[in-house]
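# just a sequence and a predicted model for now, questions to come.
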Amino acid sequence: MQRIALFNIECYSSSEAIIQFIEEHYEKLAIVVTTDMYRGKRGNVFKQVIVNYRRSGLGFVIYLTYNFILYFWLIYLSRLVSFITRRERKKFTISEICHKYQIRHIKTPNVNSEDVIAELKKANLDLIVIYFFDQIIKEQIISIPKKGVINVHAALLPKCKGLFPVFYSAFNNDRKFGITVHEIVDTSIDSGAIFVQDELVVDHKHSILSLDKQVNNKGVSLVSKVINNFHLYYQNRTPQGSGGSYFSFPNISDIKNAQSQSFRLVSLQEFMKDFF
């Protein structure tokens, strides 16, 4: 049986996809690595709010707050409500799911640290799956698994490489959304050969945050196909074509551009519906 490591930054956008992936592949998962967002070089939550406000404006700070802060608060609140009412919970943390299946879980601000590398080497891995992860893995990690490293990217590569691919797909890629599974062989960002990709039809009435979740959820079936038939997909992988694009954090003009095209960044109603 294959032994797999899964890397993720835990948030609303990817939580359903990641937990579904763990539920489907728990017997293969040797280790799950998630980002500790507030212990790394980006600083604590207050510092990150200031930096993102200056760069991208209040609307984007609210989007990040929903995705990375309110998400956890509502999980803890839903846990309390479930305890009081005896109703079944809808949402769980990755830590809870890993505990359920007795999977090793590491939360780290630096995935390339010696401690994490040692744990990965000890896990005797066949594959590493990167799925909505914010850290760039270096050669020491790339060389660990026997078969390789694969990444799930929420856009139709080579378009919309980098951070927030769903946001940029909304108004920089003719409103074409999709998901791509590709290989990672070096530290370049989202540039490896493509195993499989699929264009998605989404409801443009939803907020960007809700579209994030919809697109990422579609990646589970694709990456599962690659894992289950890795040799075939590896043999038939194709280099990325020309005409790509790369985007980092949006600036204020990017946010205004999205809003001018009637895209909402968040919807409280959509967000709350997932928890209660």
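Structure's in. What do you need?

# mind listing the strands for this structure?
If you assign secondary structure with DSSP state E, the strands in the chain sit at 4-8, 29-35, 104-108, 127-131, 148-153, 161-162, 177-184, 194-200, 246-247.

# same list (the ones you listed) but as CSV, adding mean neighbour count and mean pLDDT.
For glycine as for every other residue, the C-beta is placed from the backbone atoms N, C-alpha and C. Output for the strands of the chain, formatted as CSV (neighbours: other C-beta atoms under 10 Å; pLDDT from 0 to 100):
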stretch, mean neighbour count, mean pLDDT
strand 4-8, 25, 98
strand 29-35, 22, 98
strand 104-108, 16, 97
strand 127-131, 23, 98
strand 148-153, 23, 98
strand 161-162, 18, 94
strand 177-184, 24, 96
strand 194-200, 17, 95
strand 246-247, 16, 92
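
# looking at those strands, spot the one closest to Leu232.
strand 194-200 (9.6 Å; C-beta to C-beta).

# tilt between the closest one and strand 148-153?
Orientation check (axes from the mean of the first three to the mean of the last three C-alpha atoms, to 10 degrees): strand 194-200 against strand 148-153 gives 20 degrees.

# who are the packing partners of strand 194-200?
When contacts are defined as 3 or more C-beta pairs under 8 Å, 6 or more residues apart in numbering; DSSP states H and E, strand 194-200 sits against strand 177-184, helix 208-228, helix 230-235.

# so what's the gap between it and the chain middle?
16 Å (C-alpha atoms, centre = their mean, to the nearest Å).

# and stretch 8-16, by the same measure?
On C-alpha atoms, centre = their mean, the centre of stretch 8-16 falls 6 Å from that of its chain.

# let me see the residues that make contact with it.
18, 32-35, 37, 66-68, 70-71, 91, 93-94, 131-135, 166, 209, 212-213, 216-217, 271, 274 (C-beta atoms under 8 Å, 6 or more residues apart in numbering).

# make it 7 Å
For stretch 8-16, contacts defined as C-beta atoms under 7 Å, 6 or more residues apart in numbering pick out 18, 34-35, 37, 66-68, 71, 94, 131-134, 209, 212-213, 216-217.

# what does stretch 32-39 give?
Stretch 32-39 has contacts (C-beta under 7 Å, 6+ apart) with 5-10, 44-45, 68, 94, 98, 103, 105-109, 111, 116, 134-135.

# in the stretch 151-276 of the chain, where is pLDDT below threshold?
In the predicted model, the stretch 151-276 of the chain carries pLDDT under 70 at residues 173, 204.

# do that again at 80, thanks
For the stretch 151-276 of the chain, the stretches with pLDDT under 80 are 171-175, 202-205, 241-242, 259-262, 276.

# separation between Ser191 and Tyr168?
Distance of Ser191 to Tyr168, computed by C-beta to C-beta, to the nearest Å: 16 Å.
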